[in-house]
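Sequence and predicted structure below; questions after.
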Amino acid sequence: MSSPSINHIPYAVGNRYLNSKTHHLLTLRYIGSLPPSPSSLEDDQIWLGVEYDDPSNGKHNGTYKDIQVFQTVQEGSGSFIKYIQSSKGGPLKEGNSLIRSIEDRYGSIIPNVTSTSSINQEEGQDDGINTEKEEKVILGSSSNAITVTLPNISSVKERVGRLEKIRNMGFEDEYISCLGGDKETKNVLRERMKSLKWLNLSNNLLSTWDQIWEIVEVFEGLEVLTLNHSRIRPISSDLDLSLDRKERFLSTFKRIKELHLSDCLSSWREVCDLIPLFPNLETLHLEANNRLDRLSSIPQGALRELKELRFGGCPISRWEEIVTTLYELPRLENLDLSFTPLTTVPVCSSNGVKLDNIKLLILLESNLSSWKDLDNLSICIPNLTNLRFTTRSHGHDDTTTTAATSKRNDETELNSVDDKSRRSICIALFPHLTSFNSNTATTNERRDAELFFISFIQKQTETNKDWGKARYEELCKVHNVTQTVVDDSKGKKLKVGMKGRMITLKIYTSLSPSQEHDQQPQTISILPSAKISLLQRKLCKTFGLPITQFQSIQIWNTKPLADGPGIEKVNKVSVVWEDKDVGWWFEDGDEIFVEFEDE
């Protein structure tokens, strides 16, 4: 039997379909025979070259016997499907229209003039007789494998299908491919759904922005449009974008204030071709676009209203490009750079370009590794008030150990301190910060953090003190602290790891100089982030006391006597109602006085 002519195949290159067998989403890239078969033969087998949305479903890059038949956007996402005519349909399946999906969920868009109950009454039927109608519905997540019977579903749809009151509507994973419907249905839908503000069409089968325009045009009140996991043809590929067509797009898309285009395989150039058609955008989501790796100038006049921009998961790695590009956005306040391969933040360029408008920065699972990066970041974004920041662990991660000891397995500078110390340093570096990792930074915490930062900088050797200098000098003046320099002439090395973060305290139980100094005092090591109450418990173990009696141990910081050997008490630090951190009171090598009180 001869194969069908290409002209009779009911598919179009560039359109989106489902694989009829697997229901995997795909884009049709090629229709024809495979080389080296001569295309002139009428009985040549027709093949469909497709690109799957999920590359794991593909087999190659559009090649056959080392010959490039079609191009794929993603590596390894291509495949060939034999076209076979069948009474049950072809190898590809079209998606659903939005209007049909709305009616399947909410009932008829055009209200019935006469209800079922009135018909029953006119026909003399008794209301007590069961006249329920059953409807079979295929579960959307079952790939047509599960069908359920829903009794009296029409009455349920009538109760919930009040389209006039719907503000949010989602058809994610329902394979929407077009608006559908006739002219009358569209007009009724436009009148009934003026209150709709948010529409989610993620994981769709939409192919062009003309199809998007047709949908948005119907919903006059729409402000938020979610198109995540789409594979819409880039606007730049539509060479016939005439002035009239552009004006038509602008008049409709100007309603949209928030646009979600995460995981759409968009490049920055394609985004720049699109955004001028959305003149009033305030929020733009571009997460997980693995082709978005470079930033460049934004089209003149575009994104002038943008307040929030999210690049989470995009392979952006050049901080200079980020600054020079986003500097052009006058109202941008919120920026997300989480899960990006950004490894360093260099010193601000000589032209002084800064992101003064940014108030919120999200840097989760960051690859930044040094304090200098954070210092440069605080200079480049000087007015930051809200920071969400975590670092990525590069070594083997033992969750149990990390949770129990706060010990990190990779010893970068940022991971060489515990979480609380890093929080304090971040609060101190950013002078306007009021929230860190979703927790408010109070006035008292800021004071404590800035004093801790001063102490932290003073402990650095000169070879490591290449960051935070300006902020250190500023805070020393604010808190009236004398600047000090660590003597590095003896080749002192900074300790790393858990022990490197601990401080050692010398314990004295007598203030009298009669205590022999030829016998070294006892010492105790503890993290500066530990509470004084924990220090009391450790002292119980040192002196062989039950831990339950820790409150009987009173601790004082000390200073040397001015007129001879010995020490004197200064401040009592073991105050129950003010359980501050050890690092607040003590530095490495300090001498403490301990006395015991009867409970």
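Now that the structure is in, tell me what you want to look at. Numbers count the residues shown, from 1 in each chain.

Domain map for this protein?
For the chain, automatic domain parsing gives the domain ranges 6-93, 96-106+135-233, 498-596.

For Asn367, find the nearest of those domains.
Each of those has some distance to Asn367 by C-beta to C-beta; the shortest is domain 498-596, at 22.1 Å. All C-beta spots, glycine's among them, are computed from the backbone N, C-alpha and C.

tell me how far that closest one is from the chain's mean position?
45 Å (C-alpha atoms, centre = their mean, to the nearest Å).

Next: stretch 229-248.
So, by C-alpha atoms, centre = their mean, the centroid of stretch 229-248 is 28 Å from its chain's centroid.

For it, measure first residue to last.
Using C-alpha to C-alpha, to the nearest Å, the end-to-end distance of stretch 229-248 comes to 25 Å.

Thr22: neighbour count?
11 (other C-beta atoms under 10 Å).

Please look at it and Asn57 and confirm they touch.
Yes - in this structure, Thr22 is within contact of Asn57 by C-beta atoms under 8 Å, at 7.3 Å.

Wasn't Asn7 part of a strand?
No - counting by DSSP: H, G, I helix; E, B strand; the rest coil, Asn7 is not part of a strand but helix.

if I look at it, how far off is Lys65?
Relative to Lys65, Asn7 is positioned 26 Å away (C-beta to C-beta, to the nearest Å).

What's the first helix or strand after the strand or helix carrying Leu284?
Element membership of Leu284, judged by DSSP states H and E, is strand 283-285. Using DSSP H and E, the helix or strand that follows strand 283-285 towards the C-terminus is strand 308-310.

Who are the packing partners of that following strand?
strand 283-285, strand 334-336 (3 or more C-beta pairs under 8 Å, 6 or more residues apart in numbering; DSSP states H and E).

Can I get the ones you listed in JSON lines including mean neighbour count and mean pLDDT?
Conversion of the helices and strands packed on strand 308-310 to JSON lines gives the following (neighbours: other C-beta atoms under 10 Å; pLDDT from 0 to 100):
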{"stretch": "strand 283-285", "mean neighbour count": "20", "mean pLDDT": "99"}
{"stretch": "strand 334-336", "mean neighbour count": "20", "mean pLDDT": "99"}
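
Switch those over to CSV; also include distance to Pro91.
Formatted as CSV, these follow (distance: least, C-beta to C-beta, whole Å):
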stretch, distance to Pro91
strand 283-285, 34
strand 334-336, 40
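
Please verify my assumption that Ile215 contacts Leu201.
Yes - under the criterion of C-beta under 8 Å, Ile215 makes contact with Leu201 at 7.5 Å.

Show me which of these two is the more surrounded one.
Higher neighbour count among Ile215 and Leu201: Leu201, with 25 against 22, using other C-beta under 10 Å.

The more buried one - nearest residue in space that isn't next to it in sequence?
Using C-beta to C-beta, 6 or more residues apart in numbering and skipping residues adjacent in sequence, the residue nearest Leu201 is Ile176, 5.2 Å away.

Return the set of residues that bridge with the one you found.
Asn96 (DSSP bridges).

ok, now how distant is Ile567 from Val573?
As judged by C-beta to C-beta, Ile567 and Val573 stand 15 Å apart.

Now stretch 438-451: buried residues?
Of the residues in stretch 438-451, Ala441, Arg446, Asp448, Ala449, Glu450, Leu451 count as buried by neighbour count, 16 or more other C-beta atoms under 10 Å.

List of residues touching it?
The contact list for stretch 438-451 (C-beta atoms under 8 Å, 6 or more residues apart in numbering) reads 388, 423-425, 427-428, 433-435, 475, 478-479, 481, 580, 584.

again, only this time at 6 Å
Contacts to stretch 438-451, defined as C-beta atoms under 6 Å, 6 or more residues apart in numbering, come from residues Ser424, Ile427, Ala428, Leu433, Thr434, Leu475.

can you confirm Glu247 is in a helix?
Yes - counting by three-state DSSP, Glu247 is found in a helix.

tally of neighbours for it?
Neighbours of Glu247 (other C-beta under 10 Å): 10.

what's the distance between it and Tyr83?
Distance from Glu247 to Tyr83, by C-beta to C-beta: 40 Å.

Over to Thr340?
Distance of Thr340 to Tyr83, given as C-beta to C-beta: 42 Å.

what do you get for Leu243?
Leu243 is 40 Å from Tyr83, by C-beta to C-beta.

Neighbour count for those two, which is higher?
Taking neighbours as other C-beta under 10 Å, Leu243 and Tyr83 compare with Tyr83 leading, 20 against 7.

and that one, what pLDDT?
We note a pLDDT of 93 for Tyr83 in this prediction.

Nearest residue to it in space, ignoring adjacent ones along the chain?
Ile46 (4.3 Å).

Over to Glu164?
Nearest to Glu164 is Arg192, by C-beta to C-beta, 6+ apart, at 5.5 Å.

Just the terminal-to-terminal distance for stretch 274-284.
Using C-alpha to C-alpha, first and last residues of stretch 274-284 are 12 Å apart.
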